[in-house]
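Asks: Need coordinates for the following:
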Amino acid sequence: MTTPLGQNPGSASSADPQTSSPTVAALSQINTRMSRYRWTICALLFFAAIVNYVDRQVIGILKPTLKTELGFDEIAYSNIVFWFQAAYALGFLFVGRLMDRFGTRVGFSVAVFFWSLAAMAHALATSVMTFSFARFALGIGESGSFPASIKTVAEWFPKKERAFATGIFNAGTNVGAIATPLSVPWIVGHLGWRWAFLLTGMLGFLWLVAWIALYRKPEDHPRVTPAELAHIQSDPPETTKTIPWLRLIPHRQTWAFVVAKFMTDPIWWFYLFWIPGFLHDQYHVAASSITSFGLPLVVIYLSADVGSIGGGWLSSRLIQRGMSLNRARKTAMLVCALCVVPIVFVSQTSNIWMAVALIALAASAHQGWSANVLTMTSDLFPRRAVGSVVGIGGMAGAVGGMLIAKVVGYVLQWTGSYLPIFIIAGCAYLTAWLAVHLLVPRYAPARLESEATA
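Replies: A predicted model of the protein is given here:
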């Protein structure tokens, strides 16, 4: 018997070309090499956070201008902030569940489209009532940002990388907070305050184009190699059974996240909406000047950026060095909580740069704290429940923001002193840390799956 072309069946040249070809072997090696597309997704989340915070912080930068041109006092301004927080809380009642149901590609797209329109609508406002309507719409749209981002991290990263990935995308909030004081005073000086809302609101539509073009689930994405997909899915598999929303409420893990958000998110809202006014009132910096007004805010939020990445890196590094998940997360959170305490002295210093340094330390610590608190959800709950849990906690944080808005407004209107607010800020994180430890002393995952099959 002869082979085609008269080749000897036992010769080396008769070997299967599918197994002997150097090209095929090289392609096989490439196929097993791990891609890093998950970090591209993280970059998209980072830029979404920038847009989110630019849109929400514009009004804080414009506070002195609006008080002058439209005659707002502290209570009127607090009412405008209150309605943003109310909508933010209301949105969290359902937006996390919608992200779990429809997925982040669709859900995030709708949220960004809606909040970008709302941000631009501020340019048409002329009174406390119309500003409140615009802020309410903005709050509804922006309530989708963090549930979508945290759910995306849970889908694209294994547990050991999630705190670091969360810290990276959360750092975008500080970049947004830096970009706003650098750009808005210039826009106001050249075009007027209404254009500040219009131009910044357009940024969301640019991000939306990139998101729709680049985002798919990891298992459906052509840029993800089998090796990277295996890495992403390296945690133990989870059941696909639906977890009812009400099943999340009784768990101590849910309440640990809720308490942490309720007690500390309002402090960040205070920084975002009142620190520009504090610098203007306390140190008489000009609101239209990028150097005197913008530069201190840049220092504060640049420091916060470092804290966001550093807080996530710290707990991830402790885990890599052999520390338990429970101890690593809580150690990082405790370090951050302690770093906030010196802010109680801010209002007592007459030097603006000393005040900026203390606020910068506290803002940095908040973002490090936040990176670990947000990661709690993917540590303690299955991926399909993450969006809902983040929504519940985000609602609690927004309710706390509603309360702090009214407290700050009335305290400043009646006393003119920021001291009581800074004392609250300095104590909030240690109290929250203790509450988290008491609620989840062993950091054990919620047993939702066993309930669903019981």
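
Asks: shaky segments in the stretch 251-400 of the chain?
Replies: For the stretch 251-400 of the chain, the stretches with pLDDT under 70 are 286-293, 387.

Asks: ranges for the helices of it?
Replies: Ranges of helices within the stretch 251-400 of the chain are 252-283, 295-320, 325-340, 352-380, 383-415, based on DSSP state H, counting those that start in this stretch.

Asks: Which residue lies nearest the spatial centre of the protein?
Replies: Asn170 (4.2 Å; CA atoms, centre = their mean).

Asks: ok, back up a step: can you check which of the helices of the stretch 251-400 of the chain gets nearest to Ser143?
Replies: Closest to Ser143 of the helices of the stretch 251-400 of the chain is helix 383-415 (CB to CB; 6.6 Å). All C-beta spots, glycine's among them, are computed from the backbone N, C-alpha and C.

Asks: what comes up buried for stretch 43-56?
Replies: Buried residues in stretch 43-56, counted by 16 or more other CB atoms under 10 Å: 44-56.

Asks: ditto for stretch 412-421
Replies: Quick answer for stretch 412-421 (16+ other CB under 10 Å): 412, 418, 421.

Asks: CSV for the residues you listed, including pLDDT and distance to Cys336?
Replies: Formatted as CSV, the buried residues of stretch 412-421 follow (pLDDT from 0 to 100; distance: CB to CB, whole Å):
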residue, pLDDT, distance to Cys336
Leu412, 89, 27
Tyr418, 91, 22
Ile421, 94, 20
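
Asks: my read: the residue nearest to the centre of the chain touches His366, true?
Replies: No - at 10.4 Å, Asn170 does not count as touching His366 under the criterion of CB atoms under 8 Å.

Asks: Local confidence estimate at the spatially closest residue to Met395 that is not a sequence neighbour?
Replies: Among residues not flanking Met395 along the chain, Phe92 sits closest, at 3.4 Å (CB to CB, 6 or more residues apart in numbering). Turning to Phe92, the model gives it a pLDDT of 76.

Asks: got it, and Pro441?
Replies: 91.

Asks: Quick check: which of the helices of the stretch 251-400 of the chain is nearest to Thr180?
Replies: Closest among the helices of the stretch 251-400 of the chain, using CB to CB: helix 295-320, at 7.9 Å.

Asks: Show me what counts as buried in that closest one.
Replies: 295-316, 318-319.

Asks: Within the helices and strands, which one has the residue nearest to Met395?
Replies: With secondary structure defined by DSSP states H and E, Phe92 is part of helix 74-102.

Asks: Also Ser35?
Replies: Short version: Ser35 belongs to no helix or strand, going by DSSP H and E.

Asks: give me every residue that touches it.
Replies: Applying CB atoms under 8 Å, 6 or more residues apart in numbering to Ser35 gives the contacts 223-225, 227-228.

Asks: Good, we can wrap up now.
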